[in-house]
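Visitor: Predicted model and sequence follow; I will ask about them next.
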Amino acid sequence: MSARRDEQGTGRELGAREALSREVNERIEGAAQVLDPAGEDRIALICECPQRDCTESLDLTHAEYEAVRSNPTHFVVKPGHDVPAIERIVRTGPHYLVVEKLGESAVAAIDIDASGEDAVDLIAFWQARATQLQQALESRVVIEQAKGVLAERFQLELDAAFVVLRAAARSQRMKINALAAEVVASHATPDAITEQLEAASGR
């Protein structure tokens, strides 16, 4: 079912909100490239829908997101967060949709030029997204720290440490950054990590 909670406003206003979300994701991707120059890890991005209260995140590879960004009117959103009045779905990913802006929203996506009440609205929206950006960056940092801890503790390559961390989080239906925080905060290894290491060694 498509999002309906926050479709108030003109197509241009909604398109401008999505353009601001895309700017946040570009900063997230830039920070991720510093930590992962090879671009092999997945990036935790925010949903680029126009809903003010959306806090959904999306995991894409650098290549997947670059493919979306190659067209300035294309955006990545959570399934169900598309707004048919201003966009159409052009591609479906494993856990995300790629939508194309139409009409006024497409113009806003390319060139944000807000003034008056629109500007106040967009500033408030940007402040909320900035908070999400900070949270996403902090999450990325703790994951990198956990990879380093596991690599040193169990003599693993960083890539292998990430595979163990990700598999352990999935086995417990946890967010990977939550399990990473446990790894970093304690000298004891979480049971989920130990189980994954034992499974990998065939014990």
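Guide: Everything's here; your move. Numbers count the residues shown, from 1 in each chain.
Visitor: Just confirm residue 94 is within a helix.
Guide: No: remark: residue 94 does not belong to a helix; assigned using DSSP: H, G, I helix; E, B strand; the rest coil, it is coil.
Visitor: and it, how far is that from residue 76?
Guide: 12 Å (CB to CB, to the nearest Å). The C-beta positions use only the backbone N, C-alpha and C, and glycine is treated the same way.
Visitor: same check, this time on residue 21
Guide: 9 Å.
Visitor: Touching both of the two, which residues are there?
Guide: Contact criterion CB atoms under 8 Å, 6 or more residues apart in numbering; residues shared by residue 21 and residue 76: 47-48.
Visitor: what's the closest non-adjacent residue to residue 177?
Guide: Among residues not flanking residue 177 along the chain, residue 139 sits closest, at 4.0 Å (CB to CB, 6 or more residues apart in numbering).
Visitor: what do you get for residue 172?
Guide: residue 192 (4.8 Å).
Visitor: Do I have it right that that neighbour meets residue 171?
Guide: Yes: at 5.9 Å, residue 192 counts as touching residue 171 under the criterion of CB atoms under 8 Å.
Visitor: Have a look at those two and say which one is more surrounded.
Guide: residue 192 (20 against 14; other CB atoms under 10 Å).
Visitor: Helix, strand, or coil at that one?
Guide: Assignment for residue 192 (three-state DSSP): helix.
Visitor: okay, residue 94 and residue 76: which has more neighbours?
Guide: Ranked by neighbour count (other CB under 10 Å), residue 94 and residue 76 place residue 76 first, with 27 against 8.
Visitor: mind checking the end-to-end distance for stretch 48-56?
Guide: By CA to CA, to the nearest Å, the extent of stretch 48-56 from end to end equals 9 Å.
Visitor: what about the strands in the protein?
Guide: For the chain, the strands defined by DSSP state E occupy 42-46, 57-61, 74-77, 87-92, 97-101.
Visitor: quick one: the residue minimising distance to the centre of the chain from residue 31, how far?
Guide: Centroid check for the chain by CA atoms, centre = their mean gives residue 45 as the closest residue, at 1.3 Å. Between residue 45 and residue 31 the computed distance is 11 Å (CB to CB).
Visitor: got a list of what residue 132 touches?
Guide: Taking CB under 8 Å, 6+ apart, one finds 24, 46, 55 in contact with residue 132.
Visitor: Could you tell me which residues make contact with the second one?
Guide: Going back to what we said before, that points to residue 46. Residue 46 makes contact with 21, 24-25, 28, 54, 56-58, 129, 132-133, 136, according to CB under 8 Å, 6+ apart.
Visitor: That one and residue 24, how far apart?
Guide: For residue 46 relative to residue 24 (CB to CB), the value is 6 Å.
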